[in-house]
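[1] got a predicted structure here, sequence first:
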Amino acid sequence: MPRNNRPETPHTGRFAKATNGPEGGPPTRRAAAPAGGRFEVRIIGGQWRGRKLHFPPSAGLRPTPDRVRETVFNWLQFELAGTRCLDLFAGSGALGFEALSRGAGEVIFVERDAVSARAIRDMLTQLRCDRGRVEQVDALAWLERGPPASKPFDIVFLDPPYSEAWLPVLAEKLDRGGWLAPGAWVYLEDAAVRGEPRLPAGWTLLRSKRAGDVGYHLARRGSPAHNNDHQARGSE
C-alpha cells in the first residue's frame with residue numbers, strides 16, 4: 001500500500017495495477033520494487049518495536065512512511081489497549097501491525113490481493129500473533145456484507161487508493177452499516193491536495209496534517225464532548 005510516492009497529478013502516477021477495491025474501480029497504489037528486491041516495514045513502538053517486517057517484491061507495496069505512522073500512533077496512544085481494529089485496504093498491513101504491537105486486542109486486515117494477503121498471514125505466524133485475521137476480499141464488497149456478529153470496531157484505519165475521492169463514500173458505509181462503535185476513532189488518508197475529508201454527520205475531525213503529497217487525519221464518531229476530552233489529553 002504505497003503511500004508516499006510523488007504522483008504526476010493528484011489522480012495518476014501512483015498506480016499500475018489494482019490490488020484492492022471494486023472490480024472496474026480505482027486501483028490500489030503500487031510501485032516498482034526497491035533495490036534488493038524486498039520491502040521492509042519497521043515497527044515503531046510497542047511489543048515488536050524495531051522489528052522489520054518483510055514483503056515479497058511481487059506485492060509492490062510501499063507502506064505509510066515511518067514519520068506519518070509515528071504521528072498517527074502518538075495521536076492514538078491512549079486509545080489502543082484492548083481495542084478491536086480494522087485495517088481496511090490493508091496492503092502491507094503496516095498500520096494494523098503497529099496497532100497490534102501497541103496493544104490492540106484484535107485487528108482485521110482486509111486486502112484483495114492474494115500475494116499481499118498471504119504476506120500478512122505469514123507475518124502474523126512469524127510473530128506468533130493470534131490477534132490478527134486476514135480477509136482476502138474486495139474491501140467494498142466486504143462492507144456490503146454487513147457487520148460481523150461480533151462487536152463493532154473501536155478503531156478503523158482507512159487508506160483507500162488515491163485515484164478517486166473514496167473517503168466520504170467509505171466513511172458513510174462504515175457509519176451507516178453498523179461497523180463502528182459509538183465513539184470509534186477513524187484514521188483517514190488521502191492525497192493532500194483534496195484537503196480535509198468530508199465526514200458523516202456526528203463525526204468530528206480532531207487532527208489533520210500533511211506530509212509531502214499525503215494528507216492524513218484523525219476523526220471520531222461521537223459527541224463533541226468526548227472529542228474535546230481527547231484533544232485536551234492527546235499528543236501531537
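    Done, it's in.

[2] can you give me the strands for the protein?
    Here the chain has its strands, by DSSP state E, at 39-42, 52-55, 84-88, 106-110, 132-135, 153-158, 180-191, 203-211, 214-221.

[3] Throw those into a markdown table and include distance to E164, thanks.
    Quick note: C-beta positions are derived from backbone N, CA and C, even for glycine. Shown next, in a markdown table, are the strands of the chain (distance: least, C-beta to C-beta, whole Å):
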| stretch | distance to E164 |
| --- | --- |
| strand 39-42 | 25 |
| strand 52-55 | 25 |
| strand 84-88 | 15 |
| strand 106-110 | 18 |
| strand 132-135 | 22 |
| strand 153-158 | 14 |
| strand 180-191 | 10 |
| strand 203-211 | 20 |
| strand 214-221 | 15 |
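
[4] pick the most deeply packed of those strands.
    The highest average neighbour count among the strands of the chain, using mean count of other C-beta atoms under 10 Å, belongs to strand 84-88 at a mean of 26.

[5] what is the mean pLDDT for it?
    Averaged across strand 84-88, pLDDT comes to 97.

[6] for that strand, which strands pair with it and how are they oriented?
    Under the criterion DSSP bridges, strand 84-88 sits next to strand 106-110 (parallel), strand 153-158 (parallel) in its sheet.

[7] G132: which of the ones you listed is closest?
    Of all the strands paired with strand 84-88, strand 106-110 sits nearest to G132, with 4.8 Å by C-beta to C-beta.

[8] between the strands paired with strand 84-88, which gets nearest to R133?
    strand 106-110 (5.4 Å).

[9] list the contacts of that closest one.
    Strand 106-110 is contacted from outside by 20, 83-90, 93, 96-97, 99-100, 117, 120, 131-135, 137, 139, 142, 153, using C-beta atoms under 8 Å, 6 or more residues apart in numbering.

[10] redo that, cut-off 7 Å
    The contact list for strand 106-110 (C-beta atoms under 7 Å, 6 or more residues apart in numbering) reads 84-90, 93, 96, 99-100, 120, 131-135, 137, 139, 142.

[11] picking that back up, wait, which of the strands paired with strand 84-88 is closest to A184?
    Short answer: strand 153-158, nearest of the strands paired with strand 84-88 by C-beta to C-beta, at 5.7 Å.

[12] give me the below-cutoff pLDDT ranges for the protein.
    The chain contains residues with pLDDT under 70 at 1-38, 56-62, 149, 223-236.

[13] go again with 50.
    By pLDDT under 50, the low-scoring segments of the chain are 1-37, 59-60, 230-236.

[14] partners of V41 in the sheet?
    V41 forms beta bridges with L53, as assigned by DSSP bridges.

[15] doesn't A94 make contact with it?
    Yes. With contact defined as C-beta atoms under 7 Å, V41 counts as touching A94 (4.6 Å).
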